[in-house]
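Asks: got a predicted structure plus its sequence, pasted below:
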Amino acid sequence: MLIETVRYELPPEGITLLGYIVRRMHKTEWLAKAATLLADGQTVTALEHAAIYAASSSTSYGRAYYQPQFNRAGEVISEADPVTGAVVTARLDSSSPYNISYEAAMPNRDTFRGSETITGTTVGLRGLGMPAPSKFIFTSGEYIAEFSGIITSELALSLFGNTRIRAYGFLNLKDSAGNTGRLDLNRTGDITIQINDASVTHHTITKITWMNAQLPAPQPA
């Protein structure tokens, strides 16, 4: 069964903000790939894969079906990634401003931790923007990668009621192997990554979809 990513993140039955963030982070296959690359000593490509996860787990691209319900400060939600089994947990640390922390715990004990602060809403010609200064850290054995920057989620309004959600921003990258770089993300979902001033690689978040597992069957009411 093929599941459109945003439909999974915003299911028809509704979801809370933390639930949405947890499901948004269910792309941990990228962290599993990073671990495999590290086992082969490929730290540059591993940093690239972890950076793709950091960006793609922070964003959604597609139809904004509805606004998730707000959680109360202190609430915590956990749900396993159906593809990898990684347990993803998100916590609302404060609601003024919205400060959210989260963790993806992989079956092999690798961890991805992060936090973001939604500083407010900006209004522009392109839509409603919600800039979120963010910090992330990925740990795999003795290897550590760090990411920091600002990812702005944006609602692009439509006269025909088909509001779209997208994002743009950047992350600075560095790891314990001495690699450094930068990731840039634009409104069409295109990512460019440059590490160690070497050649630029290109990826597209809109092609990173949650399509590799079947959803659990709905439970009877």
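Replies: Cool, got the structure.
Asks: what mean pLDDT would you report for the longest helix along the chain?
Replies: What stands out as the longest helix in the chain, according to DSSP state H, is helix 43-56. The average pLDDT within helix 43-56 is 96.
Asks: next, the buried residues of stretch 183-200.
Replies: Residues of stretch 183-200 classed as buried: Leu183, Asp184, Leu185, Gly189, Ile191, Ile193, Gln194, Ile195 (neighbour count, 16 or more other Cβ atoms under 10 Å). (Glycine included, C-beta is placed from N, CA and C.)
Asks: before we move on, what about stretch 109-124?
Replies: Applying 16+ other Cβ under 10 Å to stretch 109-124 flags Asp110, Phe112, Gly114, Ser115, Glu116, Thr117, Ile118 as buried.
Asks: now the buried residues of stretch 183-200 in JSON lines, with secondary structure, pLDDT and distance to Val87?
Replies: Output for those, formatted as JSON lines (DSSP: H, G, I helix; E, B strand; the rest coil; pLDDT from 0 to 100; distance: Cβ to Cβ, whole Å):
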{"residue": "Leu183", "secondary structure": "strand", "pLDDT": "97", "distance to Val87": "25"}
{"residue": "Asp184", "secondary structure": "strand", "pLDDT": "97", "distance to Val87": "30"}
{"residue": "Leu185", "secondary structure": "strand", "pLDDT": "95", "distance to Val87": "26"}
{"residue": "Gly189", "secondary structure": "coil", "pLDDT": "90", "distance to Val87": "27"}
{"residue": "Ile191", "secondary structure": "strand", "pLDDT": "94", "distance to Val87": "26"}
{"residue": "Ile193", "secondary structure": "strand", "pLDDT": "96", "distance to Val87": "27"}
{"residue": "Gln194", "secondary structure": "strand", "pLDDT": "96", "distance to Val87": "32"}
{"residue": "Ile195", "secondary structure": "strand", "pLDDT": "96", "distance to Val87": "29"}
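Asks: element containing the nearest residue to Pro107 once chain neighbours are set aside?
Replies: Using Cβ to Cβ, 6 or more residues apart in numbering and skipping residues adjacent in sequence, the residue nearest Pro107 is Gly85, 5.0 Å away. Under the criterion DSSP states H and E, no helix or strand holds Gly85.
Asks: okay, now Gly85: neighbour count?
Replies: 12 (other Cβ atoms under 10 Å).
Asks: same check, this time on the one 4 residues further on
Replies: By the measure other Cβ under 10 Å, the count of residues near Thr89 is 18.
Asks: likewise for Thr139?
Replies: Using other Cβ under 10 Å, the number of residues around Thr139 comes to 16.
Asks: and the longest helix of the chain, how far out from the chain's middle?
Replies: 12 Å (Cα atoms, centre = their mean, to the nearest Å).
Asks: show me what that helix is packed against.
Replies: For helix 43-56, the packing partners by 3 or more Cβ pairs under 8 Å, 6 or more residues apart in numbering; DSSP states H and E come out as helix 29-39, strand 111-118, strand 127-140, strand 143-156, strand 164-175, strand 180-185, strand 190-195.
Asks: Throw these into JSON lines and include distance to Ile205, thanks.
Replies: Below are these laid out as JSON lines (distance: least, Cβ to Cβ, whole Å):
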{"stretch": "helix 29-39", "distance to Ile205": "11"}
{"stretch": "strand 111-118", "distance to Ile205": "17"}
{"stretch": "strand 127-140", "distance to Ile205": "15"}
{"stretch": "strand 143-156", "distance to Ile205": "11"}
{"stretch": "strand 164-175", "distance to Ile205": "8"}
{"stretch": "strand 180-185", "distance to Ile205": "7"}
{"stretch": "strand 190-195", "distance to Ile205": "6"}
